[in-house]
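[1] Would you be able to build a 3D model of this:
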Amino acid sequence: LDCVNNPEENPTECQERLTAWEVFADANGLSKTWNSLNWASQSLTEVPSSPYPLTSATNLYFQINQLTNVEGLSNLTSVTTLNLSFNPLTNVNGLSNLTSVNSLYLSGNQLTNVDGLSNLTSVITLDLGNNQLTNVNGLSNLTSVGTLYLQYNKRTNVNGLSNLTSVDSLYLEYNQLTNV
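    Okay, here's the model as predicted:
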């Protein structure tokens, strides 16, 4: 449901979604340019639990906050750049509908899995460095990636990457790899 470009699909639900995000933005002094948000470094502990008003967006910046979940982004299917780096996220389950992304930054979190990324098949940049990942089984549908950052995790193997047929750069340093 794209409540910005097609609110007539479900006017009542769209009004509720937009209101929740607008009230949150107003209360925190944040921008309301829904296609391109920069809510970085705002000490946010949450995003509204109401689904994001768009299904696709250009740039969404939420890095350097205190976000513990991204359930409010569950409506997103497509985004050019999504930056959620440097938050205390332990999972990305709220991104399970995301099928198209150019650049996804999730470094510096506390991720233990990436199961919420299971619908991604192609990404230009995927940064999962500096987390607590022991596996990346949630990337099993990923077939193409430009640059994949997995450094500074707790990886002991490269399981979960077997379907990658195209990789330009893969960073695995500072893991506990026993075989590749």
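[2] buried stuff in the one helix or strand in the chain whose mean pLDDT sits lowest?
    Ranking every helix and strand in the chain by mean pLDDT, DSSP states H and E puts helix 11-27 at the bottom, with a mean of 85. Neighbour-count burial for helix 11-27, counted by 16 or more other CB atoms under 10 Å, picks out 14, 17, 18, 20, 21, 24, 25. Glycine gets a C-beta too; all of them are placed from N, C-alpha and C.
[3] Output the contacting helices and strands for the helix or strand sitting right after that helix along the chain.
    Using DSSP states H and E, the helix or strand that follows helix 11-27 towards the C-terminus is strand 36-38. Using 3 or more CB pairs under 8 Å, 6 or more residues apart in numbering; DSSP states H and E, the elements in contact with strand 36-38 are strand 56-61.
[4] Sheet-wise, list the partners of the strand it packs on with their directions.
    strand 36-38 (parallel), strand 78-83 (parallel) (DSSP bridges).
[5] residues making contact with that strand?
    By CB atoms under 8 Å, 6 or more residues apart in numbering, the list of residues contacting strand 56-61 from outside reads 2, 34-40, 73, 76-83, 100.
[6] quick one: average pLDDT of that strand?
    Averaging pLDDT along strand 56-61 yields 93.
[7] repeat for stretch 102-115
    On average, stretch 102-115 scores 97.
[8] which outside residues touch that stretch?
    63, 79-93, 96, 117, 120, 123-139, 149.
[9] what helices or strands is the least confident helix or strand of the chain leaning on?
    Partner elements for helix 11-27 (3+ CB pairs under 8 Å, 6+ apart): none found.
[10] Send me it as CSV with only the CA atoms.
    Taking C-alpha atoms only, helix 11-27 is exported to CSV below (Å, rounded to 0.1, in the frame of the first residue of the first chain):
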residue,chain,number,x,y,z
PRO,A,11,-8.0,6.2,2.3
THR,A,12,-8.7,5.3,5.9
GLU,A,13,-5.6,3.1,6.4
CYS,A,14,-3.4,5.6,4.5
GLN,A,15,-4.6,8.4,6.7
GLU,A,16,-3.7,6.4,9.8
ARG,A,17,-0.3,5.5,8.5
LEU,A,18,0.6,9.1,7.4
THR,A,19,-0.8,10.5,10.7
ALA,A,20,1.4,8.1,12.8
TRP,A,21,4.5,9.0,10.8
GLU,A,22,3.7,12.7,10.7
VAL,A,23,3.0,12.9,14.4
PHE,A,24,6.3,11.1,15.1
ALA,A,25,8.2,13.4,12.8
ASP,A,26,6.7,16.5,14.3
ALA,A,27,7.3,15.3,17.9
